[in-house]
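Trainee: Give me the fold of what follows.
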Amino acid sequence: MDIAMVANKYMQDAAPWALKATDPDRCATVITIVVAAIRLIGALAEPFMPGFTDKVCHILALPHADIPSIFDPVAATEAGDASAAPGACGVPAGHKINKPTPLFSAITPEQVEAWRARFGGAQETTAAAGAASGGAAAVAGAGAPAAAAAGGKPAAGAKKGGKPAAGAAADLPDVARVDLRVGHIVRAWPHPSLEKLWCEEIDVGDASGPRTVASGLRAHYTQEQMTGRKVIVVCNLKPRTMGGFESKGEWWSLYLPLA
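Mentor: Reported below is the predicted structural model:
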């Protein structure tokens, strides 16, 4: 989202619609950078919203792209090959895109009701149970202020200072608690005893160096395809030992070069 906001601000500030008549070369540069940024956003979103990325690639009339180590669309354009140039996610010079269409559509109240009926489950039962438990807690907690007003001691277990509960972090949405990072597979080798597993060392920016991760993908990717690739890694999972090999994470998406 930050990249999208920066790209949008860049376009608004540069105003290519005004540059078209006064400075065509600058206008072309601005459009190239904006289109390349859209392609980059599509590449970053692909593990989570592959349908969105498919639409972006169709509109741009460009293949799916790897996530680049650097973002230099001008260098990619000058190199003449947007997929292989150092600034991957670039746009070839003179490239024509397809007619743009909306990527997202407005959600109507009717759709919301239909989805609620289909996927909501026993929401009324859950809400009633939550209200009941909340009411019980309110009744249980009402005694402490009353005791204080009467000059007595607060009930056992009552805390002073009004600090939030230790479990306040649990109120975060599930997605906010997942530590996702782009990692680089430094080394991959077959697990010595489990024939379905690859053992990998993945650099995710830890000060201690690459972490070890096991993945059950030997039937799907070769050792050459694994080594050197970028992956999306879940970094805050509890380590587990798999056949004597400690796995300190799990990765969800592997970026391979396009044929």
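
Trainee: quick one, domains of the chain?
Mentor: By the assignment in automatic domain parsing, the chain contains the domains 2-79, 177-254.

Trainee: any chance of those in CSV, plus mean pLDDT and distance to residue 93?
Mentor: Where you see a C-beta, it was placed from the backbone N, CA and C, and this is true even at glycine. Below are those laid out as CSV (pLDDT from 0 to 100; distance: least, Cβ to Cβ, whole Å):
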stretch, mean pLDDT, distance to residue 93
domain 2-79, 84, 5
domain 177-254, 90, 27
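
Trainee: In JSON lines: the ones you listed, plus distance to residue 101 and mean neighbour count.
Mentor: As requested, the domains of the chain are arranged in JSON lines below (distance: least, Cβ to Cβ, whole Å; neighbours: other Cβ atoms under 10 Å):
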{"stretch": "domain 2-79", "distance to residue 101": "7", "mean neighbour count": "16"}
{"stretch": "domain 177-254", "distance to residue 101": "26", "mean neighbour count": "16"}
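
Trainee: so which of those domains comes closest to residue 102?
Mentor: With Cβ to Cβ as the criterion, residue 102 lies closest to domain 2-79 of these, at 9.2 Å.

Trainee: Could you dump the domains of the chain into CSV with distance to residue 115 added?
Mentor: CSV is the format used below for these (distance: least, Cβ to Cβ, whole Å):
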stretch, distance to residue 115
domain 2-79, 17
domain 177-254, 24
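
Trainee: Just list what the biggest strand by length in the chain packs against, helices and strands only.
Mentor: Counting residues, the longest strand found in the chain (DSSP state E) is strand 180-190. Here strand 180-190 touches strand 198-203, helix 223-226, strand 230-234, going by 3 or more Cβ pairs under 8 Å, 6 or more residues apart in numbering; DSSP states H and E.

Trainee: Compute the inter-axis angle for the first one and strand 180-190.
Mentor: Spelled out, it's strand 198-203. 140 degrees (axes from the mean of the first three to the mean of the last three Cα atoms, to 10 degrees).
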